[in-house]
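**Student:** Mind folding the following:
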Amino acid sequence: MATTPARIDVISDAICPWCWIGKRHLERALPVLAKQGLTFAVAWHPFQLNPDMPAGGVDRQEYRLQKFGSLASTEEADTRVAQAGAGVGLRFRHDLMRRTPNTVDAHRVIRLAGQHDVQDAVVEALFSGYFTQGLDIGDHDILARLAGEAGLDALEVIGMLAGADGRAEVLAEDQSSRDAGLDGVPAFVMGRYVLFTGAVPADAMAEAFAKAWSVIGSQPVE
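**Tutor:** Modelled structure (predicted):
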């Protein structure tokens with residue numbers, strides 16, 4: 001019988017800072033696992049932190065004030081993120097971020113990247129574009145440019161975004177995670193089991209993945 005593929009599925013949003021931090025921890029965990037003879041492919045899946053976000057996004061400061069209640073609370077949250085990011089070599093430029101976008105189209109681009117085996121690079125480009133350059137990753141031209149620089153055909157991205165390709169699939173996958181009870185990301189999944197959520201440190205990630213694989217890897221696919 002076939003066994004579960006050696007894959008880690010990450011449920012994430014392109015504007016989730018903890019997802020980018022979690023990505024860095026994952027990148028540090030994978031070599032640790034490789035030394036144990038465990039190698040994994042990684043696949044990224046959509047989740048919307050703001051499923052009711054208008055298509056054009058909103059002013060970030062107004063959104064954050066509404067979410068956190070005060071400028072002080074907003075700045076405190078950003079400081080926590082920046083400090084955690086610095087611990088894994090990431091620089092968050094909250095001062096450059098002007099809009100909080102709707103991320104459905106970003107997820108459509110990530111889905112397309114998965115079909116062309118450049119998903120990791122595209123996910124990284126979107127995180128970096130949003131968090132370090134303050135780019136509006138709800139804008140089609142910006143999405144195409146970032147994806148093009150990461151290995152996709154920018155013209156293909158523009159053509160895809162001009163239509164509805166991938167939209168229904170992204171929304172369905174997002175809803176499926178919510179229906180399963182997921183209410184925050186990043187979430188790390190193996191063999192349909194959510195192992196943990198949050199930007200867990202690399203050593204703890206590696207330990208969790210190794211333990212899970214010792215069980216899940218021996219189970220037959222239904």
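**Student:** Now do the worst-scoring helix or strand of the chain on mean pLDDT: distance to the chain's middle.
**Tutor:** The helix or strand of the chain with the poorest confidence is helix 60-68; it has a mean of 91 (mean pLDDT, DSSP states H and E). Offset of helix 60-68 from its chain centre (C-alpha atoms, centre = their mean, to the nearest Å): 21 Å.
**Student:** who does it touch, helix- and strand-wise?
**Tutor:** helix 71-86, strand 99-100 (3 or more C-beta pairs under 8 Å, 6 or more residues apart in numbering; DSSP states H and E). For glycine as for every other residue, the C-beta is placed from the backbone atoms N, C-alpha and C.
**Student:** In JSON lines, list those along with distance to Ser128.
**Tutor:** Formatted as JSON lines, those follow (distance: least, C-beta to C-beta, whole Å):
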{"stretch": "helix 71-86", "distance to Ser128": "11"}
{"stretch": "strand 99-100", "distance to Ser128": "16"}
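**Student:** how is the chain carved up into domains?
**Tutor:** Here the domain parsing of the chain from automatic domain parsing is 1-7+29-47+182-207, 51-165.
**Student:** want to throw the ones you listed into CSV with distance to Pro17 and mean neighbour count?
**Tutor:** CSV is the format used below for the domains of the chain (distance: least, C-beta to C-beta, whole Å; neighbours: other C-beta atoms under 10 Å):
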stretch, distance to Pro17, mean neighbour count
domain 1-7+29-47+182-207, 9, 16
domain 51-165, 4, 17
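**Student:** and of these, who's closest to Ile216?
**Tutor:** When the domains of the chain are ranked by proximity to Ile216, the top entry is domain 1-7+29-47+182-207, at 3.9 Å, counting by C-beta to C-beta.
**Student:** tell me how far that closest one is from the chain's mean position?
**Tutor:** Worked out by C-alpha atoms, centre = their mean, domain 1-7+29-47+182-207 lies 13 Å from the chain centre.
**Student:** ok, which stretches of this protein are strands?
**Tutor:** Counting by DSSP state E, the chain has strands at residues 7-12, 41-46, 58-59, 99-100, 187-190, 193-197.
**Student:** For Gln119, find the nearest of the helices and strands packed on helix 60-68.
**Tutor:** Gln119 lies closest, by C-beta to C-beta, to one member of the helices and strands packed on helix 60-68: helix 71-86, at 21.6 Å.
**Student:** Quick one: list the elements packing against that closest one.
**Tutor:** On a contact count with 3+ C-beta pairs under 8 Å, 6+ apart, helix 71-86 meets helix 17-35, helix 60-68.
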